[in-house]
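S.K.: Mind looking at a prediction? Sequence and model below.
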Amino acid sequence: MEPLWEIQRPDPALLDHLQQNLSCHPATAAVLANRQIVDAEQARCFISDGLGQLPDPFDLVDLERAAQRIYTALKKNESILIFGDYDVDGITATALMVQFLAYLGARVDYYVPHRTREGYGLKPIHIESVAVPRKIDLIITVDCGSTALEALKLAAAAGIDVIVTDHHRIDEELPPALALINPHRPDCPSGLELLSGAGVAFYLLIFLRKYLREHQFWTTRPEPALKAICDLTALGTVADMMPLSGANRLLVKAGLEIINGQPRMGLKALMRASRLVPGTVDAEDLAFRLIPRLNAAGRMGHANSAVRLLITPRQDQAEHLAQNLDKLNQQRQQVEGKLVADIITHLEANPAMLKFPALVLADTGWHEGVLGIAASRVARRFHRPVVIMTLRDGLYRGSARSIAGFDLFNGLVACQADLAAFGGHSMAAGLQVAPDKLDVFREHFQNVAARKLDGENNRPVLTIDAELPLNQIDRRLFDELELLQPFGHQNPQPLFMTRDVTVASHRKMGKGHRRMVLEQNGATMEALHFNIDPRHKPPRRMAQIAFQLKWNNWRGADRPQILLKAVEFPIAS
């Protein structure tokens, strides 16, 4: 499906104001304006912001109750269990809670369920077979718990207090927890609904540190700098596709500084396994290099190995775990690649399925661990919401991924009568469907999507920040754009376009990539084009190209280059 090219047209007076007051490149001013930066002072804050600008945690409901209960557990030397989810958001939230509480001297342990054997969330069986036998006094959930009504009732009956920290939407009664810290609860005025699960856990620790300070706890040990665990919060935030604005952007920015400056033992080993250059890691590297390897633990094995990697202080153990995750990720790529290829072949053989604005696909033999990432790839390729499920234990279980303009969680709420269970966010969700309800759910979900998505907003859109001729690109612009990082969801990497470009030279690079030299009005630029058909040579001239700017850090030498993202209307030479 060909994308729509949508060039942003910010107010010229605002562009002049930003350019003159910041002494910046015109393209930088355009990027800032397109991100709703309306004056020079706001722009300076955006560029130089730090953790000191984080929104206060105090409006999050139940923080004080949770802090008080944790303080009691510390004083009484009670046993604390951190119960997390098996994806990267849950893994990192588990690790940061374990690390912080261990520093406090707490008797703390953790439990992450197996993806396929146990499924998502805290269940009654976990109270009976984990918490009670281990004589747990306090459970703290991370990235889950908001819908664990039966498990929390059983915990209360067993005399176990539960603090829920979560960020998933709540569509039913509030769980009977001692404390429920979830910015989506109806009575929470915090405005922090966009936090990841790791972000919510981090905010609890901000408040807990202050609470302990007020109770003279830090007289016996140094008060910890929470920035040191922002690396974990950054990974969780990017992994769960949270918008990189507000608090999320600050947390990811701080986390990248830690990863590039003083990475923990496990991440240092994982960066080596991922072939990342220390000091150059950005949010894109988190999303496409580190996070897939951490996720591979829960997808292809058990997420415990990823938690151990993040909390180990031992280099030998870190190296072993990182190499194992790298191998699991290779297995995941193979299984996922075959699944996506099978789906695409099926859709191409049945083009009538693509007449619907949403896809609901189910099979009995698909690997449950890769359904979410496969749904993401199919959603991107065909630009529509996608649900992919496999049959296990009498239910179709799977994952859903969405596109801009369609709130997935609300879409599932509209179909909840057809579902055995569901939960998630606007862009990603998990669900379960009884076999006799599958066809009904598919029809209802497609009807919901049809009401929300018309022909135009069901096409992919290339949002162009500005037209930028090659002769206006200089090293200063590269440096200025670097200051606007981290890039990600709702703070995308700037995308530019220009017209009538000549391909001066080209050569293949690896499998399916091409390196080129582009020329326009006497100016030349090195360019890379990824994921192209290597059988086809590029045209001699191109009517217009969409591109990003990024330093080439190969072998330590910074060279400016452009990354081609789209080409339109090749002109035959």
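M.R.: Everything's here; your move.
S.K.: Counting by contacts, list what the helix or strand where residue 162 lies packs against.
M.R.: Residue 162 is located in strand 161-165, with elements delineated by DSSP states H and E. Here strand 161-165 touches helix 63-76, strand 138-142, helix 149-157, strand 179-181, helix 197-214, going by 3 or more CB pairs under 8 Å, 6 or more residues apart in numbering; DSSP states H and E. For every residue, glycine as well, the C-beta is placed using N, CA and C.
S.K.: for the third one, packing partners?
M.R.: In terms of contacts (3+ CB pairs under 8 Å, 6+ apart), helix 149-157 is packed against helix 124-126, strand 161-165.
S.K.: do the same with the first one
M.R.: Using 3+ CB pairs under 8 Å, 6+ apart as the contact criterion, the elements in contact with helix 63-76 are strand 138-142, strand 161-165, strand 179-181, helix 197-214.
S.K.: and the shortest one, what's its mean pLDDT?
M.R.: For strand 179-181, mean pLDDT rounds to 98.
S.K.: Now do that strand: distance to the chain's middle.
M.R.: Remark: strand 179-181 is offset 23 Å from the chain centroid, using CA atoms, centre = their mean, to the nearest Å.
S.K.: do stretch 405-423 as well
M.R.: With CA atoms, centre = their mean, you get 21 Å for stretch 405-423.
S.K.: Any buried residues in it, and which?
M.R.: By 16 or more other CB atoms under 10 Å, the buried positions in stretch 405-423 come out as 406-409, 411-412, 414-415, 418-419, 422-423.
S.K.: I would like the residues contacting the strand holding residue 162, please.
M.R.: 62, 66, 69-70, 93, 122, 137-143, 145-146, 148, 152, 155-156, 175, 177-182, 197, 200-201, 204 (CB atoms under 8 Å, 6 or more residues apart in numbering).
S.K.: all strands for the stretch 1-150 of the chain, in order.
M.R.: 4-7, 79-83, 107-111, 138-142 (DSSP state E, counting those that start in this stretch).
S.K.: Could you chop this structure up by domain?
M.R.: According to automatic domain parsing, the chain comprises the domains 63-225, 350-452, 461-571.
S.K.: nearest to residue 106, of the helices and strands packed on helix 149-157?
M.R.: Of all the helices and strands packed on helix 149-157, strand 161-165 sits nearest to residue 106, with 13.0 Å by CB to CB.
S.K.: Hey, what's the angle from that closest one to helix 149-157? Just curious.
M.R.: 140 degrees (axes from the mean of the first three to the mean of the last three CA atoms, to 10 degrees).
S.K.: any idea of the angle strand 161-165 forms with strand 138-142?
M.R.: 10 degrees.
S.K.: May I have the strands that pair with strand 161-165, each with its orientation?
M.R.: strand 138-142 (parallel), strand 179-181 (parallel) (DSSP bridges).
S.K.: tell me the mean pLDDT over that strand?
M.R.: On average, strand 161-165 scores 98.
S.K.: for stretch 506-521, same thing?
M.R.: pLDDT averaged over stretch 506-521 gives 87.
S.K.: Any idea how far apart the tips of it sit?
M.R.: Chord length of stretch 506-521, first to last residue, is 18 Å (CA to CA, to the nearest Å).
S.K.: How far off centre is that stretch?
M.R.: 30 Å.
S.K.: Out of the strands of the stretch 1-150 of the chain, which is closest to residue 517?
M.R.: It's strand 4-7; of the strands of the stretch 1-150 of the chain, that one is closest to residue 517 (CB to CB) at 23.9 Å.
S.K.: can you give me the helices in the stretch 1-150 of the chain?
M.R.: 12-22, 26-34, 40-48, 63-76, 88-103, 124-126, 149-157 (DSSP state H, counting those that start in this stretch).
S.K.: now the angle between strand 79-83 and the fourth one, please.
M.R.: Spelled out, that is helix 63-76. 140 degrees.
S.K.: So for helix 63-76, what gets flagged as buried?
M.R.: So, applying 16+ other CB under 10 Å, buried residues of helix 63-76: 63, 66-67, 69-71, 73-74.
S.K.: Same question for stretch 357-376.
M.R.: So stretch 357-376, judged by 16+ other CB under 10 Å, has buried residues 357-363, 366-376.
S.K.: So which of those residues belong to strands?
M.R.: Using DSSP state E, the members of the buried residues of stretch 357-376 that fall in strands are 359-363.
S.K.: Rebuild these as a markdown table, extending it with distance to residue 313 and pLDDT.
M.R.: Putting those into a markdown table (distance: CB to CB, whole Å; pLDDT from 0 to 100) gives the following:
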| residue | distance to residue 313 | pLDDT |
| --- | --- | --- |
| 359 | 46 | 97 |
| 360 | 46 | 97 |
| 361 | 44 | 97 |
| 362 | 44 | 96 |
| 363 | 43 | 94 |
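S.K.: who touches residue 275 in this structure?
M.R.: Here residue 275 is in contact with residue 289 (CB under 8 Å, 6+ apart).
S.K.: so it, which of the three states?
M.R.: coil (DSSP: H, G, I helix; E, B strand; the rest coil).
S.K.: mind checking how far it is from residue 514?
M.R.: Counting by CB to CB, to the nearest Å, the gap from residue 275 to residue 514 is 21 Å.
S.K.: Which strand or helix spans residue 542?
M.R.: Going by DSSP H and E, residue 542 is in strand 541-552.
S.K.: name the helices or strands packed onto that strand?
M.R.: helix 475-482, strand 496-509, strand 559-571.
S.K.: for that strand, which positions count as buried?
M.R.: 542, 544-551.
S.K.: Equivalent analysis for stretch 29-41, please.
M.R.: 29-35, 37, 40.
S.K.: cool, and stretch 495-513?
M.R.: Here stretch 495-513 shows 495-498, 501-503 as buried, counting by 16+ other CB under 10 Å.
S.K.: for those residues, which one is nearest residue 7?
M.R.: residue 497 (6.9 Å).
S.K.: Hmm, that closest one is touching residue 544, no?
M.R.: Yes: look at residue 497 against residue 544 with CB atoms under 8 Å: they come within range, at 5.8 Å.
S.K.: Between the two, which contacts overlap?
M.R.: residue 5.
S.K.: wait, which of the helices of the stretch 1-150 of the chain is closest to residue 487?
M.R.: helix 26-34 (10.4 Å).
S.K.: on contacts alone, who are the packing partners of that closest one?
M.R.: Using 3+ CB pairs under 8 Å, 6+ apart: helix 26-34 touches helix 12-22, strand 466-467, helix 475-482.
S.K.: and among the helices and strands packed on helix 63-76, the most buried is which?
M.R.: Compared across the helices and strands packed on helix 63-76, strand 138-142 shows the largest average neighbour count, a mean of 30 (mean count of other CB atoms under 10 Å).
S.K.: for the record, mean pLDDT for it?
M.R.: 98.
S.K.: Just want the angle from that strand to helix 88-103.
M.R.: 140 degrees.
S.K.: What are the contacting residues of strand 138-142?
M.R.: Residues contacting strand 138-142 (CB under 8 Å, 6+ apart): 66, 69-70, 73, 78-85, 90, 93-94, 97, 122, 131, 148, 155, 160-166, 197-198, 200-201.
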